[in-house]
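Enquirer: Whatever this is, show me its structure:
(2 chains)
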Amino acid sequence: MLKVKDLHAYYGKSHILQGVSFEVGKGEIVSLLGRNGVGRSTTINAIMGDVDCKGSILFNDEEIVGLDSHQISRKGLGIVLENREVFPTLTVRENLILGIKNMRKTGRWKIDDMFDMFPNLKRRADVSAGALSGGEQQMLAMCRALMGDPDLIMVDEPTEGLAPKVVDQVADLLTEIANRGVSILLIEQKLTIALKISARIYVMGHGRVVYEGTSAEFEKNEQVRKDWLEV
Amino acid sequence: MLETVIFSLLNGLVYGLLLFLLASGLTLIFSMMGVLNLAHAGFYMLAAYFAYTISLYMGFWFGILLAPLIVGLIGGLVERYGLRQVHQFGHVPELIFTFGVAFLLEEVVQFIWGRDQLAYNKPEILEGALFTLFGADFPIYKMFMLIVSVLIFITLFLVLKHTRIGLIIRAAVGHPQVVGMLGHNVPLIFMVTFGVGTALAGLAGAIAGPVLGTYPGMASGLGGIMFVVVIFGGLGSLGGAFIASIMIGLIQTFAIAIDGSLADVLALAGIIVTEETFMYDIWSTTMPQVAPLIPYLMMVVMLIFRPTGLMGARES
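Expert: Below is the predicted model:
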């Protein structure tokens, strides 16, 4: 479904991505792990068209390098950014409505689905999103991305700074998303939920992928964890 | 006294709402695209000239209808084929670009229409006094300006608050790339916003031309005040721009109406100021003389004590 091949990106003179390659299949949950600053966020921002890059990104066998963010989004890619980026001055409901790309077509998700899953969001539907807690903002950002009915959603560090109970909620939502046939590319630094829910793992270091394997294989491979993840 | 208050109030509102027509577009463009459009007042002027020329052939009403539309279209094209190309090089080149457009507009206007003030006049139906109070007239034309501005304000408010495009624009203020990632065509929204913003400036120019004068200096005449409004209200805040426009409109007209100086105040306290008094020039300066300075003074004070303006968001 998503095939990234030999992706390069630069910030000024520094070579941030140095040939990243990986794949995500249909309905699959895949995690992209790595320490801070190895280029994970740059990778998904490049896929989303927000960072200039060279290389090839095939989505449903279609080249998307060079397209605008909104064009890429309309091909069925969704993203939840690292710092959630809800629209703070707009209400929860308005945030969700903004996720909808086509008002005339209903996708897999409806606003009421979101409210059923997260009664907190329903209760605060007409409150400014900026007044929500960190966990609620995370849920809102994920729900907003789902309203656009993506076939693949990329989620950047969804558990960062959240209480353990909320982390479980995030994991449950991600599993539910996958159950509805949506592929997930999960970006994480810690292994908290990545191992539990993903089928395959990629580990990044120095701007490229340094390890790939199934979750089970990865769990046994202590060396990789030590070399590329533990601080 | 009451007469002065009522007339200053009405004149202040007319002037303040005119400022808002200009400032609303400027502040929307800034908050969404991060571009301080130095050519904004230039479009205001251009529309006055267009309205004048159109009025010669088709009459006043077609002038004020078509001129803003044409100017808005030009604004959209300037964004699409000028600003968007410059955007990738950063904010300073963008600023210089709009600076260049401002100069270009001023030169083009002088090239085509010359340096003299044009006889752009109000139509007969809007001539004359609407009512006479305490022996002074309130012109129909000012009421016309007031009504047009209020209608535009209400329309703008309703569109932003209650339509889907308005919702997308409100979200794009400050977070354009997130809006793009949700599948909304941000470059198109930028172009439309820039076009509508310049069209609003154009409407202001077309209706202000007959009263404030249609001449090559009309852009720089109002341009400075317009930036004061936007900075005082808080860059990017429509509500702030509205309050600041009305405030500055009222303060300026009242300052002109109050014919007094510090010497008069001191006289009340029993201190008589004569030409021999230390710093006589300062004590004897009258309010109408300092009126043009007040908005700029307000801006400086605001920037010192509250750099974000009345309702501006903190720079992130």
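Enquirer: all contacts plus neighbour counts: C-alpha atoms, from now on.
Expert: Fine.
Enquirer: Can you report how many residues lie near the nearest residue to residue A:98 once chain neighbours are set aside?
Expert: The shortest distance from residue A:98 to any non-neighbouring residue, by CA to CA, 6 or more residues apart in numbering or on different chains, is to residue B:168 (6.8 Å). The number of residues packed near residue B:168 is 22, by other CA atoms under 10 Å in any protein chain shown.
Enquirer: And residue B:121, by the same measure?
Expert: The burial count for residue B:121: 16, using other CA under 10 Å.
Enquirer: residue contacts, it?
Expert: For residue B:121, the contacting residues are residue B:210, by CA atoms under 8 Å, 6 or more residues apart in numbering or on different chains.
Enquirer: cool, residue A:114 as well?
Expert: Residues counted as contacts of residue A:114 (CA under 8 Å, 6+ apart) are A:121, A:143.
Enquirer: Run the chain-centre distance for the helix or strand containing the residue nearest to residue A:98.
Expert: Counting by DSSP states H and E, the element that carries residue B:168 is helix B:164-172. Between the centre of helix B:164-172 and the centre of its host chain there is 23 Å, according to CA atoms, centre = their mean, to the nearest Å.
Enquirer: Just the residues contacting the following helix or strand past it, thanks.
Expert: From helix B:164-172 onward toward the C-terminus, using DSSP H and E, the following helix or strand is helix B:176-181. Applying CA under 8 Å, 6+ apart, the set of residues contacting helix B:176-181 from outside is A:48, A:50, A:69-70, A:72-73, A:78-79, A:85, A:98, B:32-33, B:168, B:171-172, B:186.
Enquirer: In the stretch 51-200 of chain B, what residue lies closest to chain A?
Expert: When you check the stretch 51-200 of chain B against chain A by CA to the nearest CA, the closest residue turns out to be residue B:183, at 4.0 Å.
Enquirer: Which residue, neighbours along the chain excluded, lies closest to residue B:139?
Expert: Once its chain neighbours are removed from consideration, residue B:139 has its nearest residue in residue B:129; the separation is 4.2 Å (CA to CA, 6+ apart).
Enquirer: Contacts only, for the one you found.
Expert: Residues in contact with residue B:129, defined by CA under 8 Å, 6+ apart, are B:137-140.
Enquirer: Now, of the residues you listed, which are buried?
Expert: Neighbour counting over the contacts of residue B:129 (16 or more other CA atoms under 10 Å in any protein chain shown) leaves B:138, B:140 as the buried ones.
Enquirer: just checking, what packs against the longest helix along chain A?
Expert: When secondary structure is assigned using DSSP state H, the longest helix within chain A turns out to be helix A:164-179. Using 3 or more CA pairs under 8 Å, 6 or more residues apart in numbering or on different chains; DSSP states H and E as the contact criterion, the elements in contact with helix A:164-179 are strand A:183-188.
Enquirer: do the strand it packs on and chain B meet?
Expert: No: Strand A:183-188 lies apart from chain B when judged by CA under 8 Å from any CA of the partner chain; the minimum separation is 15.8 Å.
Enquirer: Surely residue B:130 forms part of a strand?
Expert: Yes: secondary structure of residue B:130 (DSSP: H, G, I helix; E, B strand; the rest coil): part of a strand.
Enquirer: Please report phi then psi for residue 153.
Expert: Because you didn't say which chain, this covers chain A. Here the main-chain torsion angles of residue A:153 (degrees, to the nearest 10) amount to phi -120, psi 130.
Enquirer: Next, count neighbours for it.
Expert: 24.
Enquirer: what helix or strand is residue B:275 on?
Expert: Counting by DSSP H and E, no helix or strand carries residue B:275.
Enquirer: Counting neighbours, what do you get for the nearest residue to residue B:72 once chain neighbours are set aside?
Expert: Here the nearest residue to residue B:72 in space, its sequence neighbours aside, is residue B:199; by CA to CA, 6+ apart that works out to 4.0 Å. Around residue B:199 sit 30 other residues, with neighbours defined as other CA under 10 Å.
Enquirer: Okay, and residue B:199 sits in which element?
Expert: Using DSSP H and E, residue B:199 falls in helix B:186-212.
Enquirer: And that helix, what's buried?
Expert: Residues of helix B:186-212 classed as buried under the neighbour-count rule (16+ other CA under 10 Å) are B:186-187, B:189-210.
Enquirer: What of stretch B:246-266?
Expert: Within stretch B:246-266, the residues scored as buried using 16+ other CA under 10 Å are B:246-258, B:260-261, B:263-264.
Enquirer: can you give me the strands in chain A?
Expert: Taking DSSP state E, the strands of chain A run over residues A:2-11, A:14-24, A:29-33, A:53-59, A:62-63, A:77-80, A:152-156, A:183-188, A:200-205, A:208-214.
Enquirer: Output those strands in TSV, with mean pLDDT appended to each entry.
Expert: Rendered in TSV, the data for the strands of chain A read as follows (pLDDT from 0 to 100):
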stretch	mean pLDDT
strand A:2-11	93
strand A:14-24	92
strand A:29-33	94
strand A:53-59	94
strand A:62-63	94
strand A:77-80	95
strand A:152-156	95
strand A:183-188	94
strand A:200-205	93
strand A:208-214	92
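Enquirer: now the ones you listed in JSON lines, with distance to residue A:230?
Expert: Output for the strands of chain A, formatted as JSON lines (distance: least, CA to CA, whole Å):
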{"stretch": "strand A:2-11", "distance to residue A:230": "25"}
{"stretch": "strand A:14-24", "distance to residue A:230": "21"}
{"stretch": "strand A:29-33", "distance to residue A:230": "11"}
{"stretch": "strand A:53-59", "distance to residue A:230": "29"}
{"stretch": "strand A:62-63", "distance to residue A:230": "35"}
{"stretch": "strand A:77-80", "distance to residue A:230": "25"}
{"stretch": "strand A:152-156", "distance to residue A:230": "19"}
{"stretch": "strand A:183-188", "distance to residue A:230": "13"}
{"stretch": "strand A:200-205", "distance to residue A:230": "12"}
{"stretch": "strand A:208-214", "distance to residue A:230": "14"}
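Enquirer: about what we covered before: could you tell me the angle between the longest helix of chain A and strand A:183-188?
Expert: Taking axes from the mean of the first three to the mean of the last three CA atoms, to 10 degrees, helix A:164-179 and strand A:183-188 form an angle of 150 degrees between their directions.
Enquirer: Would you mind listing the buried residues in helix A:164-179?
Expert: Within helix A:164-179, judged by 16+ other CA under 10 Å, the buried ones are A:166-167, A:169-171, A:173-175, A:177-178.
Enquirer: If we only consider the residues you listed, which is nearest to chain B?
Expert: Scanning the buried residues of helix A:164-179 for proximity to chain B, where the rule is CA to the nearest CA, the winner is residue A:177, at 17.5 Å.
Enquirer: Would you mark the buried spots in the longest helix out of those in chain B?
Expert: Secondary structure of chain B read by DSSP H shows that its longest helix is helix B:2-33. By neighbour count on 16+ other CA under 10 Å, the buried set for helix B:2-33 is B:7-33.
Enquirer: same question, stretch A:29-47
Expert: A:29-35, A:38-47.
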